[in-house]
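S.K.: from the sequence below, what's the structure:
(2 chains)
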Amino acid sequence: MISAVELSGVSKHFDDLVAVDDLTLDIGDGEFFSLLGPSGCGKTTTLRMIAGFEFPTMGSLRIHGEEMGLLPPNKRPVNTVFQSYALFPHMTIEQNVGFGLLMQKVGGSEISERVARALDMVQLSHRAEARPDQLSGGQRQRIALARALVNEPEVLLLDEPLGALDLKLRQSMQIELKDLQHRVGITFIYVTHDQQEALTMSDRIGVMKDGKLLQVDDPQALYEHPKSRFVADFIGEINLVRAKVVDGATIELVGGTMVRATTGLSSGLDVNIAIRPERLSLNELGEAPDGRNSIEGTVVRRVYHGDFFFYEFDTPAGVLEIKEENRPSLPRYDEGSRLVASWSPDATTVVQD
Amino acid sequence: MPTDVDQVDPAQTVVTPELERDAERAQARRGLLIAAPSWLYLTLFFAIPLVIVFVYSFASRSSTGLTVLENWNLHSYRRLFDPLVAEIAFRSFVLAVATTLICLIASYPLAYYMATRPPRYRNILIILVMIPFWSNFLVRTYAWRVLLGSDGPISQISQALGGEPIRILFTNTAVLIGLVYGFLPFMVLPLFAALDRMDWSLIEAGRDLYANGRRAFLKITLPLSMPGVIAGSILVFIPTLGAYVTPAILGGARTTLLGDYIVSQFLSARNQPFGSALSVAVMSIMLLATVIYFRRGARTL
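M.R.: Presented below is the predicted three-dimensional model:
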């Protein structure tokens, strides 16, 4: 499969600051790829380099096999949806959406036809004559999308496009965006700091920190098998317990509990055990199912969340957070109960710092 | 107290029309009090003199040249259609247009440069543009006499290079140079303000949508900076149309402009009604032009 975007050894320095550090990444054709990380991690700089607003200090950047070098943005087969939408305030919605086609010297009748189709796609045909300041945030967002997609770019770059919207609107736009990407079938590169957004929309996610790409995986692999403490902690909620490798299959948690986990790491190495709260379950003492890792402790807090109960469970390895589904068949435990928490060896992820 | 909104139980506060009216009146009184000094100043030194000029424009003259506030007539206004007046007005208009255009062309790149610098350099550049205001306009205009004179540095350089002595002083060119110099900051600052306010991601969006640098400028930067272009042009055009000091110091005796012409009516010709009528006419035309300019600007922006 040919890559839509191919970065190899790309670095970007701003004076003394290394914004992007030796990034190598292949993004497939038609993929919904997210760059995820905290602010200042270099994700936006990476996107801006693909768009052509910044040029790499080192390394090579290819789009559909073609080296981009110092090609300016107007000569690249990509379009961007900006975080602030960047709609032209002195033009109507129609003129905004048609701008890219006009600049590419597309004929007048074709422009109006394609603009009409793009506006139809985002269901805003009735606002063609309006000015950007007459639209709501969600409408502006959709116009920004239409203005980019009308050009039928090979790759669409999206820089936190839902950041300015409120939660409800953001959730419905997430679904809309994913749908749209399916329909138009072009590569989306999506920059966000919202892990939930990245997990629900992406085919693959690249997690960045301090200019470095830490892990690239599909959402499930990223969530269930994080390869580093940072990724484990950044994505979703997780219990991190300090531990030491005893041998290839056994690990000793801080506090002395022995657990089973598959790891190829050598004995004596300091590691972290990462366990998702929903993978832990509570049982009466001595009733932990066979074949599972277990640790005894005391319930110190129980919080009702509607669809689940949230427990804080004090163990020799530290306080663990546990989510138990709220089902009539499952018992609820009171604060102060002595219990045993258990989890499958598969759900025991070993991460190094 | 209605000011302490947090403390008030909304169920117990009933906003009656009377209460609202009282609040509005109190607001209006406060506003009037704050504006009073400015009102007073403007009335004494702007509105009253304006009314005097307006009244004088219909007055008549005695045989000794004194203004007589009787026999009200339109003689002074009829004289405005004199070919001499038209010639002077046209000359002033051309000079004001030239000054405005030169200021605009010279200022735009400078304002653009300033607006694209990092903030701390930007402030230094603004101060540099404003430095000329620290010394008197008259003094600075006299300094141009030295520069433009037949033994001034420009002429000396020309002669050192084997050319003729250049005498710019007391020509229309000298007046143009002086006016451009004097009013340049009035063009730079509004342009800078407009460009500085602009969201630069719009330019990036333009470039992203296949506009090259030139087209992005013409389609996005320039239209969005139009408020600055209009404000700067008004600030330069209006004072230059009636400019008096610069032409008086740098201009020749033969080229009369509107400013000198009005002054001469009041001082040497002792024809105050005609001078007043000229002033009223110039002010009306400028007011009209400004209104049309702003109306057009408001529609296209």
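S.K.: where does pLDDT dip in the stretch 1-150 of chain A?
M.R.: Along the stretch 1-150 of chain A, the model assigns pLDDT under 70 to residues A:1.
S.K.: up against chain B, what does it have?
M.R.: Proximity of the stretch 1-150 of chain A to chain B (Cβ under 8 Å from any Cβ of the partner chain) is limited to residues A:51-53, A:72-74, A:78-80, A:82, A:84, A:86-90, A:99-100, A:103-104, A:147-148. For glycine as for every other residue, the C-beta is placed from the backbone atoms N, C-alpha and C.
S.K.: now do the contacts for residue 149.
M.R.: All of this refers to chain A. A:Leu149 sits next to A:Asn79, A:Ala118, A:Met121, A:Leu156, A:Leu180, A:Val184, A:Ile186 when contact means Cβ atoms under 8 Å, 6 or more residues apart in numbering or on different chains.
S.K.: chain B was what I was after
M.R.: B:Ser155, B:Arg167, B:Leu169.
S.K.: so A:Lys323 lies in a strand, does it not?
M.R.: Yes. Under DSSP: H, G, I helix; E, B strand; the rest coil, A:Lys323 sits within a strand.
S.K.: returning to that earlier point: tell me the two of the contacts of A:Leu149 that are most distant?
M.R.: Using Cβ to Cβ, those span at most 14.5 Å, a distance reached by A:Asn79 and A:Met121.
S.K.: so the two - more neighbours on which side?
M.R.: More crowded of A:Asn79 and A:Met121, by other Cβ atoms under 10 Å in any protein chain shown: A:Asn79, with 26 against 17.
S.K.: verify the stated contact: that one with B:Gly206.
M.R.: No. Contact criterion Cβ atoms under 8 Å: A:Asn79 and B:Gly206 do not qualify, at 11.9 Å.
S.K.: so what sits against both of these two?
M.R.: In contact with both A:Asn79 and B:Gly206: no residue, using Cβ under 8 Å, 6+ apart.
S.K.: of the residues of the stretch 1-150 of chain A next to chain B, which belong to helices?
M.R.: A:Ala51, A:Phe99, A:Gly100, A:Met103, A:Arg147, A:Ala148 (DSSP state H).
S.K.: compare those residues and tell me which is most surrounded.
M.R.: Per-residue neighbour counts (other Cβ under 10 Å) across these peak at A:Arg147, which has 32 neighbours.
S.K.: let me see the contact set for that residue.
M.R.: Going by Cβ under 8 Å, 6+ apart, A:Arg147 touches A:Asn79, A:Leu87, A:Asn96, A:Val97, A:Phe99, A:Gly100, A:Ala118, B:Leu209.
S.K.: show me what contacts B:Pro185?
M.R.: Contacts for B:Pro185 (Cβ under 8 Å, 6+ apart) come out as B:Val129, B:Met130, B:Pro132, B:Phe133.
S.K.: which of those tops the neighbour count?
M.R.: The most crowded member of the contacts of B:Pro185, judged by other Cβ under 10 Å, is B:Val129 (18 neighbours).
S.K.: can I get the helix or strand containing that residue in PDB, CA atoms only?
M.R.: Taking DSSP states H and E as the definition, B:Val129 sits inside helix B:119-130. Provided in PDB are the C-alpha atoms of helix B:119-130 (Å, rounded to 0.1, in the frame of the first residue of the first chain):
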ATOM      1  CA  PRO B 119       5.900  42.100  19.900                       C
ATOM      2  CA  ARG B 120       8.900  43.700  21.600                       C
ATOM      3  CA  TYR B 121      10.400  45.000  18.400                       C
ATOM      4  CA  ARG B 122       6.900  46.200  17.400                       C
ATOM      5  CA  ASN B 123       6.700  48.500  20.300                       C
ATOM      6  CA  ILE B 124      10.200  50.000  19.600                       C
ATOM      7  CA  LEU B 125       9.100  50.600  16.000                       C
ATOM      8  CA  ILE B 126       5.900  52.300  17.000                       C
ATOM      9  CA  ILE B 127       7.900  54.700  19.300                       C
ATOM     10  CA  LEU B 128      10.300  55.400  16.400                       C
ATOM     11  CA  VAL B 129       7.400  56.400  14.200                       C
ATOM     12  CA  MET B 130       6.100  58.700  16.900                       C
END
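S.K.: which residue is the nearest non-sequential neighbour of A:Ser340?
M.R.: Small correction: residue A:340 is Val, not Ser. Distance criterion Cβ to Cβ, 6 or more residues apart in numbering or on different chains; nearest residue to A:Val340, sequence neighbours excluded, is A:Ala288 at 4.6 Å.
S.K.: pull up the gap between the one you found and B:Tyr181, please.
M.R.: Distance of A:Ala288 to B:Tyr181, given as Cβ to Cβ, to the nearest Å: 90 Å.
S.K.: which secondary structure element is home to the residue most central in space within chain B?
M.R.: Closest residue to the average C-alpha location of chain B: B:Leu235 at 2.6 Å, with Cα atoms, centre = their mean. Assigning secondary structure by DSSP H and E places B:Leu235 in helix B:226-241.
S.K.: mind listing what's buried in the helix or strand just after that helix?
M.R.: Using DSSP H and E, the helix or strand that follows helix B:226-241 towards the C-terminus is helix B:245-250. Neighbour-count burial for helix B:245-250, counted by 16 or more other Cβ atoms under 10 Å in any protein chain shown, picks out B:Thr246, B:Pro247, B:Ile249, B:Leu250.
S.K.: same list (those) but as a markdown table, adding distance to chain A and pLDDT.
M.R.: Putting the buried residues of helix B:245-250 into a markdown table (distance: Cβ to the nearest Cβ, whole Å; pLDDT from 0 to 100) gives the following:
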| residue | distance to chain A | pLDDT |
| --- | --- | --- |
| B:Thr246 | 36 | 90 |
| B:Pro247 | 39 | 89 |
| B:Ile249 | 42 | 89 |
| B:Leu250 | 40 | 90 |
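S.K.: what's the nearest residue to the closest residue to chain B within the stretch 101-250 of chain A if we skip its chain neighbours?
M.R.: Nearest to chain B in the stretch 101-250 of chain A, going by Cβ to the nearest Cβ, is A:Met103, at a distance of 4.0 Å. In this structure, A:Met103 finds its nearest non-sequential neighbour in B:Tyr210, 4.0 Å apart by Cβ to Cβ, 6+ apart.
S.K.: do I have it right that the one you found meets A:Pro153?
M.R.: No. B:Tyr210 is beyond contact range of A:Pro153, at 10.2 Å (criterion: Cβ under 8 Å).
S.K.: which neighbouring elements make contact with the host helix or strand of B:Leu147?
M.R.: Using DSSP H and E, B:Leu147 maps to helix B:137-148. Counting contacts by 3 or more Cβ pairs under 8 Å, 6 or more residues apart in numbering or on different chains; DSSP states H and E, helix B:137-148 is packed against helix B:153-160, helix B:172-197, helix B:245-250.
S.K.: adding distance to B:Thr100, write the ones you listed out as CSV.
M.R.: Shown next, in CSV, are those (distance: least, Cβ to Cβ, whole Å):
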stretch, distance to B:Thr100
helix B:153-160, 24
helix B:172-197, 8
helix B:245-250, 14
